[in-house]
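1. Show me how the following folds:
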Amino acid sequence: MPIGTTSFGFHCLLIDARGAPPLGNLVGRTKSYGLDSLQICENARPLELSAAGWREVLDRAAAIGLDIQLGCMTLDVATIERYLVRAATPRLDSAEIALAIENHFDIPCTLLAEVAAQCPPALVGFCVDSANSLRNFQSADQVLDWPVPRAIRYHLKDCKVTGGNVGLRVDGAPLGQSGLAVRAILERVLARDPSAAIYLENWVQPSGDRQTDVDADCRWLQQSLDYFRKVAA
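-> Here you go, the predicted model:
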């Protein structure tokens with residue numbers, strides 16, 4: 001079972017472009033944890049990298065056996081629909097690439113499912129994130145029920161939800177240290193796909209000191225990985 005992280009596993013390291021390391025450095029950091037894959041998302045500013053820079057990143061990843069994937073975010077539903085139905089699927093088919101749409105804060109899972117239903121399941125699937133739909137009051141259990149049989153990637157991150165009848169607060173936590181039922185989730189995922197690709201992410205609360213936050217990111221990722229491996233053993 002491949003285990004990876006996304007560039008949100010290094011969120012505090014990348015949040016300020018002036019202090020962020022080159023993407024090639026992120027490749028080496030990811031492999032140092034013994035991970036198999038890195039999904040480079042918009043917080044790593046991948047579109048700012050030159051073609052030569054991308055070749056260097058991919059060559060370095062290939063040399064150390066790290067799989068590289070690319071993620072992006074848009075909140076424009078009309079753009080998503082046009083891209084999937086009229087432009088993306090023929091290109092995906094010819095390139096033999098599957099597009100994984102991630103559930104996110106401002107778009108309900110049901111709407112994503114309606115849009116994706118117009119496309120072949122082999123080309124358009126879902127990246128299921130355990131926490132991203134909390135703003136739509138959808139728990140990890142509800143989100144896991146949503147994408148069958150289109151789920152092809154999974155993002156796991158733990159969080160603490162507190163609050164009362166006038167609002168909720170969501171704070172991150174290392175995997176296994178709050179309310180996420182990791183073992184039960186893993187059993188459900190592996191029952192569908194024994195080789196499912198799983199990515200660990202962090203939601204570290206900023207302290208106001210960059211180095212403290214970067215250190216917390218690294219510590220949380222290692223703690224999350226150690227816990228996940230223990231549960232998966």
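2. Just the CA coordinates for the helix or strand harbouring Trp54, please, in CSV.
-> Using DSSP states H and E, Trp54 maps to helix 51-64. The C-alpha trace of helix 51-64 is given here as CSV (Å, rounded to 0.1, in the frame of the first residue of the first chain):
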residue,chain,number,x,y,z
ALA,A,51,10.2,23.8,-17.5
ALA,A,52,13.9,23.2,-16.7
GLY,A,53,13.0,23.4,-13.0
TRP,A,54,10.3,20.8,-13.4
ARG,A,55,12.7,18.5,-15.3
GLU,A,56,15.1,18.8,-12.4
VAL,A,57,12.4,17.9,-9.8
LEU,A,58,11.2,14.9,-11.8
ASP,A,59,14.7,13.7,-12.4
ARG,A,60,15.5,13.9,-8.7
ALA,A,61,12.3,12.1,-7.8
ALA,A,62,12.9,9.4,-10.3
ALA,A,63,16.5,8.9,-9.0
ILE,A,64,15.3,8.3,-5.4
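3. Show me which residues of the next helix or strand after that helix are buried.
-> Going down the chain from helix 51-64, the next helix or strand is strand 67-70, by DSSP H and E. Neighbour counts over strand 67-70 (16 or more other Cβ atoms under 10 Å) mark Ile68, Gln69 as buried. (C-beta placed from N, C-alpha, C; glycine too.)
4. list the helices and strands strand 67-70 packs on?
-> Here strand 67-70 touches strand 37-40, helix 51-64, going by 3 or more Cβ pairs under 8 Å, 6 or more residues apart in numbering; DSSP states H and E.
5. Can you add mean pLDDT and distance to Thr5 and give these back as JSON lines?
-> Converted to JSON lines, the helices and strands packed on strand 67-70 look like this (pLDDT from 0 to 100; distance: least, Cβ to Cβ, whole Å):
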{"stretch": "strand 37-40", "mean pLDDT": "92", "distance to Thr5": "6"}
{"stretch": "helix 51-64", "mean pLDDT": "91", "distance to Thr5": "13"}
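6. who wins for proximity to Val204 among the ones you listed?
-> With distances scored as Cβ to Cβ, the stretch of the helices and strands packed on strand 67-70 nearest to Val204 is strand 37-40 (18.0 Å).
7. Just checking: what are the partner strands of that closest one?
-> Note on strand 37-40: by DSSP bridges, its sheet partners are strand 3-6 (parallel), strand 67-70 (parallel).
8. circling back: select, out of the helices and strands packed on strand 67-70, the one closest to Ala151.
-> strand 37-40 (15.3 Å).
9. send the alpha carbons of the closest one over as PDB?
-> Taking C-alpha atoms only, strand 37-40 is exported to PDB below (Å, rounded to 0.1, in the frame of the first residue of the first chain):
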ATOM      1  CA  SER A  37       4.700   9.700  -3.100                       C
ATOM      2  CA  LEU A  38       4.500  13.500  -3.100                       C
ATOM      3  CA  GLN A  39       1.500  15.400  -4.400                       C
ATOM      4  CA  ILE A  40       2.600  19.000  -5.200                       C
END
